[in-house]
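Engineer: Coordinates only, no sequence provided:
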């Protein structure tokens, strides 16, 4: 076990997370939604880095090393899909929720489509985000195992403790400011590691990596960002559909926008969040390609080959630096994946059904309790080591139809019946696609869940909204009527 790396990483994480958290808890104003939404006062830089790290989780840090093993540079389409997601949030959904002073996505659903759908979407969205939380917990365990020698299960427990600390002390404001520190540390570490690897790789370095894939293996598609037609259709297009339209309406991604100072701040953060998130994928993919080309690391297989290359070729101090920075990204995603369902539970389930007059003190207490409970359960689920990529595509399938019913309700027609049927049918199809022989019967096994629910939501949703009666889309109404509808919801939930 590498105790030096472990001690350095733990010291960095504890000092940064706990130190910043305690300071912010002492100086921050305790106003409405101060814990969950940081008093809606986060500035551009904090919103930008938090949005970037929130969606830069397990699939980016180690998942893209594993993807590159099989499909090469085309793995970058996963990163491009997340840049597209950030564009959707900063130019569309994030601006809308901030303009309407929304606290949760299910609250937006009630404003547009009524209370019953709010509860249904709240339960489904919280469960989906919790599934992602368990995936992050597993990857944190893998990170600790690869770089310190700990078992994956020990790493999961420690990671969950650090992830809870990342959010529980000062809430959304803590996540934002710790993210700013971690982003700086992470990118400095990645730049130094990339330079070091250029000289540490055996033989002719990156040229030899390229020659291995193109000449030795005869797989020129591995160093082509477009891949081949099969990869383009089953991976690139699938991710460009699944990621923006699932995460673009997720509470996990939008809670940062809800916490911004203004709608203008959300729009400006595009120029911070997109580059920070997008550029990281280049490093991960190159590490994966290099690991496969070197027999010593190829022997570890796609999951551990990349991490073992970093541990072996980089000096100990740089391994510690990289692990600390990678963990910062993973812990940020863990924190938001715990914060989002906790917010939904407090605001949309418990608060909406049982205690509508929640004080800020009571809200904060309930949210902290839920964050701890979710963190503990996520470890228990992660101990079963579910498949990360398959799990993510299934979880995304639940959220895609929510995106489209919101689009219809904002810009076309608000029909609770049409939206309810669309959601219900697509959710059933999502279950059947994973737990029945339906894909095989239809000879469509290559289609991911999110792509199927994307098609179903558009086709079925468009038909139902066309034929069923409903009110005009929310943004089609006069501003006075929009304010009246918003005030009516406030009165119902106050």
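Structural biologist: All right, it came through fine. From a predicted model like this one, the values you see are computed outputs, not experimental measurements.

Engineer: Got the confidence number for the residue lying closest to residue 290 once chain neighbours are set aside?
Structural biologist: In space, and not counting its chain neighbours, residue 290 is closest to residue 209: 4.9 Å by Cβ to Cβ, 6 or more residues apart in numbering. C-betas here are computed from N, CA, C, even on glycine. Here, the pLDDT recorded for residue 209 equals 87.

Engineer: Who are the contact partners of residue 209?
Structural biologist: Going by Cβ atoms under 8 Å, 6 or more residues apart in numbering, residue 209 touches 201, 286, 289-290, 293.

Engineer: Can you pull the poorly scored residue ranges out of the stretch 351-494 of the chain?
Structural biologist: Along the stretch 351-494 of the chain, segments meeting pLDDT under 70 span 385-391, 480, 484, 486, 488-494.

Engineer: try the stretch 1-150 of the chain
Structural biologist: 1-2, 147.

Engineer: Which stretches in it count as helices?
Structural biologist: Under the criterion DSSP state H, counting those that start in this stretch, helices of the stretch 1-150 of the chain are mapped to 3-27, 34-37, 44-54, 58, 64-71, 76-88, 94-99, 105-113, 115-148.

Engineer: Can you give the contact residues for the shortest one?
Structural biologist: Surrounding helix 58, the residues in contact under the criterion Cβ under 8 Å, 6+ apart are 135-136, 138-140, 330, 333, 388.

Engineer: how about those residues in a markdown table, adding neighbour count and distance to residue 477?
Structural biologist: Listed next are those as a markdown table, based on neighbours: other Cβ atoms under 10 Å; distance: Cβ to Cβ, whole Å:
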| residue | neighbour count | distance to residue 477 |
| --- | --- | --- |
| 135 | 27 | 40 |
| 136 | 29 | 40 |
| 138 | 26 | 45 |
| 139 | 26 | 44 |
| 140 | 31 | 46 |
| 330 | 27 | 43 |
| 333 | 28 | 37 |
| 388 | 22 | 43 |
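
Engineer: Please convert the residues you listed to a markdown table, extending it with distance to residue 160.
Structural biologist: Converted to a markdown table, the contacts of helix 58 look like this (distance: Cβ to Cβ, whole Å):
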| residue | distance to residue 160 |
| --- | --- |
| 135 | 13 |
| 136 | 9 |
| 138 | 11 |
| 139 | 12 |
| 140 | 8 |
| 330 | 11 |
| 333 | 13 |
| 388 | 16 |
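
Engineer: Just name the closest of those to residue 73, please.
Structural biologist: For the contacts of helix 58, the closest approach to residue 73 (Cβ to Cβ) belongs to residue 388, at 20.8 Å.

Engineer: Now distance to residue 363 too, for the helices of the stretch 1-150 of the chain, in a markdown table please.
Structural biologist: Converted to a markdown table, the helices of the stretch 1-150 of the chain look like this (distance: least, Cβ to Cβ, whole Å):
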| stretch | distance to residue 363 |
| --- | --- |
| helix 3-27 | 15 |
| helix 34-37 | 7 |
| helix 44-54 | 21 |
| helix 58 | 29 |
| helix 64-71 | 37 |
| helix 76-88 | 29 |
| helix 94-99 | 19 |
| helix 105-113 | 14 |
| helix 115-148 | 16 |
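
Engineer: got the buried residues for stretch 309-316?
Structural biologist: Buried residues in stretch 309-316, counted by 16 or more other Cβ atoms under 10 Å: 309-311, 313-314.

Engineer: Then stretch 399-411?
Structural biologist: Quick answer for stretch 399-411 (16+ other Cβ under 10 Å): 399-410.

Engineer: now that stretch: how far from the chain's centre is it?
Structural biologist: How far stretch 399-411 lies from its chain's middle: 19 Å, per Cα atoms, centre = their mean, to the nearest Å.

Engineer: Taking the centroid of the protein, which residue is nearest it?
Structural biologist: With distances taken as Cα atoms, centre = their mean, residue 55 lies nearest the centre of the chain, 3.5 Å away.

Engineer: OK, contacts around the residue nearest to residue 69 when sequence neighbours are not counted?
Structural biologist: Excluding its sequence neighbours, the residue lying closest to residue 69 (Cβ to Cβ, 6+ apart) is residue 302, at 3.7 Å. Residue 302 is in contact with 65-66, 69-70, 288, 292, counting by Cβ under 8 Å, 6+ apart.

Engineer: Repeat that for residue 127.
Structural biologist: So residue 127 contacts 341, 398 (Cβ under 8 Å, 6+ apart).

Engineer: Then residue 331?
Structural biologist: Here residue 331 is in contact with 13, 17, 140, 159, 162-163, 166, 182 (criterion: Cβ under 8 Å, 6+ apart).

Engineer: Equivalent analysis for residue 235, please.
Structural biologist: Counting by Cβ under 8 Å, 6+ apart, residue 235 has contacts 71, 74, 77-78, 227.

Engineer: mean confidence score for the helix or strand containing residue 154?
Structural biologist: For residue 154, the host element (DSSP states H and E) is helix 152-168. For helix 152-168, the mean pLDDT works out to 89.

Engineer: For that helix, which residues meet the burial criterion?
Structural biologist: Within helix 152-168, the residues that qualify as buried are 152-153, 155-160, 162-168, counting by 16+ other Cβ under 10 Å.

Engineer: how far away is the residue nearest to the centre of the chain from residue 69?
Structural biologist: 22 Å (Cβ to Cβ, to the nearest Å).

Engineer: Ok, residue 254 next?
Structural biologist: 33 Å.

Engineer: now residue 115
Structural biologist: 48 Å.

Engineer: Among these two, which residue is more densely surrounded?
Structural biologist: Set residue 115 next to residue 69 and count neighbours by other Cβ atoms under 10 Å: residue 69 wins out with 21 against 17.

Engineer: Next up, the contacts around the more buried one.
Structural biologist: 288-289, 291-292, 302, 305-306.

Engineer: Pull the most distant pair out of the residues you listed.
Structural biologist: Top of the distance list for the contacts of residue 69 (Cβ to Cβ): 289 and 302, 11.3 Å.

Engineer: Of the contacts of residue 302, which qualify as buried by neighbour count?
Structural biologist: Applying 16+ other Cβ under 10 Å to the contacts of residue 302 flags 65-66, 69, 288, 292 as buried.
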